[in-house]
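Participant: structure for this input, please:
(one chain, ligands or ions: 4)
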Amino acid sequence: MIDLHTHTTASDGRLAPDALARAAWEAGVRTLAITDHDTTAALAPARQAMAAWGIRLIEGIEITAVESERDVHVLGYFITPNAPGLARFLARARAGRIERVRAIAERLEQLGRPIDLPRLLKDALVEPGRSIGRPAVADALVRAGHVASRQQAFDEWLVPGRPAFVPRTGPSVAEVIATIHEAGGLASLAHPGLTKRDDAIAQWAEAGLDALEAYHSEHSPEDTDRYLARARELGLLVTGGSDFHGEDQARGRPTEYRRRIGAVTLPPADLERLEAAALARRG
Ligand code: AMP
Ligand code: FE
Ligand code: FE
Ligand code: ZN
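Facilitator: Numbers count the residues shown, from 1 in each chain. Ligands and ions are numbered 1, 2, ... in the order given. Sure, this is the predicted structure:
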């Protein structure tokens, strides 16, 4: 099985690379991409962990772009993790994340729901390259006893329309695509069925987007068919993955299990096409 969308503790996943390798192996995944939010910090340790299990690692990233005040996630594959342009770009993104988390914590304080911000920031700062965001705030809300689960924290406080939501600024999709290309990678639009910007896909294809993530844990069969057709129409490649973040054990129950590792698999022929395109791009 091929799973090209997973997260680790370098961003908002619950498993470190070695635990992720084991989970992947047990699920039958033999080719895995790690695609942490705005960081490549897990890739070097993952390389060793995956090799120990005989799993092929594809170097990935999931970068947050902002378009019309809404987040658009763009996946990068076959990137050179330490490419200087990419590294600078991601460092800026992570600094912006820290500022946003501070602003959310301030808002929560005013709302009478204080969280342990120093601990959150320490987590983000002790491990170089660690990327924090709303899931870390959600976990802090759980630890403070304000909510019972990460999901409840999002639903009641952290999403647009809720009192502790703080809007973000960020790069455009075109800028993200260019940065991924400069680092030798291919850019794929993550979970278009959740992003709901079908109107912009043609324009992003013009800007150099290489692929659509047609296969995703939270896509319905109709979503998958629609994006497969759209990719064919626009001459784009296809990617797919579970978007595994680990399981939310807050209530002793795996509430994020719908995104279990290996829940979806990319057909091998699509991976071969991606590899050929990545090779061609690198010349
Ligand atoms: P951030 O990058 O700080 O905006 O956090 C975005 C991450 O939070 C996403 O990648 C998801 O892992 C998670 N997330 C976003 N929206 C929700 C939601 N409504 N419920 C649960 N998790 C969410
Ligand atoms: Fe996430
Ligand atoms: Fe995403
Ligand atoms: Zn993801």
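
Participant: contacts for stretch 96-104?
Facilitator: Residues outside stretch 96-104 that contact it (CB atoms under 8 Å, 6 or more residues apart in numbering): 38, 117, 120-121, 124, 131-134, 136-137, 158, 164-166, 168-170. In short, each C-beta sits where N, CA and C put it, glycine included.

Participant: got the contact list for the residue lying closest to Arg47 once chain neighbours are set aside?
Facilitator: Take Arg47 and drop its neighbours on the chain: the residue closest to it by CB to CB, 6 or more residues apart in numbering is Leu57, 5.8 Å away. Shown in contact with Leu57 (CB under 8 Å, 6+ apart): 32-34, 43, 46-47, 50-51.

Participant: bridging residues for Leu57?
Facilitator: Leu57 forms beta bridges with Leu32, as assigned by DSSP bridges.

Participant: burial count for Leu4?
Facilitator: Residues near Leu4, counting by other CB atoms under 10 Å, number 29.

Participant: OK, contacts around it?
Facilitator: Neighbours of Leu4 in contact, by CB under 8 Å, 6+ apart: 31-33, 35, 58, 60, 75, 77, 239-241, 266, 271.

Participant: mind listing what's buried along stretch 182-198?
Facilitator: Of the residues in stretch 182-198, 183-193, 195 count as buried by neighbour count, 16 or more other CB atoms under 10 Å.

Participant: same check, this time on stretch 211-224
Facilitator: For stretch 211-224, a neighbour-count test (16+ other CB under 10 Å) marks 211-217, 219, 223-224 as buried.

Participant: between which two of those residues is the distance greatest?
Facilitator: Every pair in the buried residues of stretch 211-224 was compared (CB to CB); the two farthest apart turn out to be Ala211 and Ser217, at 17.4 Å.

Participant: and Val238, that one's in a helix?
Facilitator: No - in this structure, Val238 is strand, not part of a helix, as judged by DSSP: H, G, I helix; E, B strand; the rest coil.

Participant: ok, it touching Asp210?
Facilitator: No - Val238 is beyond contact range of Asp210, at 10.1 Å (criterion: CB atoms under 8 Å).

Participant: returning to what we had before: of the contacts of stretch 96-104, keep whichever come out buried.
Facilitator: Neighbour-count burial (16+ other CB under 10 Å) is assigned, among these, to 38, 117, 120-121, 124, 131-134, 136-137, 158, 164, 166, 168, 170.

Participant: can you list the residues of the protein near ligand 4?
Facilitator: Within the chain, the residues that sit near ligand 4 (CB under 5 Å from the ion) are 62, 243.

Participant: residues from the chain in reach of ligand 3?
Facilitator: Going by CB under 5 Å from the ion, the residues of the chain near ligand 3 are 73, 190.

Participant: where does the chain dip in pLDDT?
Facilitator: For the chain, the stretches flagged by pLDDT under 70 are 248-257.

Participant: so what's the residue count around the residue of the stretch 151-283 of the chain at minimum distance from ligand 4?
Facilitator: When scored by CB to the ion, the stretch 151-283 of the chain has Asp243 as its residue closest to ligand 4, at 4.4 Å. Asp243 has 28 neighbours, counted by other CB under 10 Å.

Participant: that one touches Thr6, doesn't it?
Facilitator: Yes - here Asp243 reaches Thr6: they are 7.4 Å apart, a contact under CB under 8 Å.

Participant: how about the helices in this structure?
Facilitator: 17-27, 43-53, 84-110, 117-126, 134-143, 150-153, 173-182, 192-195, 201-206, 221-234, 268-282 (DSSP state H).

Participant: quick revisit: residues contacting the residue of the stretch 151-283 of the chain closest to ligand 4?
Facilitator: For Asp243, the contact set (CB under 8 Å, 6+ apart) comprises 5-7, 190-191, 216-218, 259.

Participant: which of the residues you listed lies closest to ligand 1?
Facilitator: Distance ranking of the contacts of Asp243 against ligand 1, using CB to the nearest ligand atom, places His7 first at 7.2 Å.

Participant: which residues touch that closest one?
Facilitator: By CB under 8 Å, 6+ apart, the residues touching His7 are 13, 34-37, 62, 243-246.

Participant: now it: how far from Gly241?
Facilitator: Going from His7 to Gly241 by CB to CB, to the nearest Å gives 10 Å.

Participant: then Leu20?
Facilitator: The separation that Leu20 has from Gly241, given CB to CB, amounts to 13 Å.
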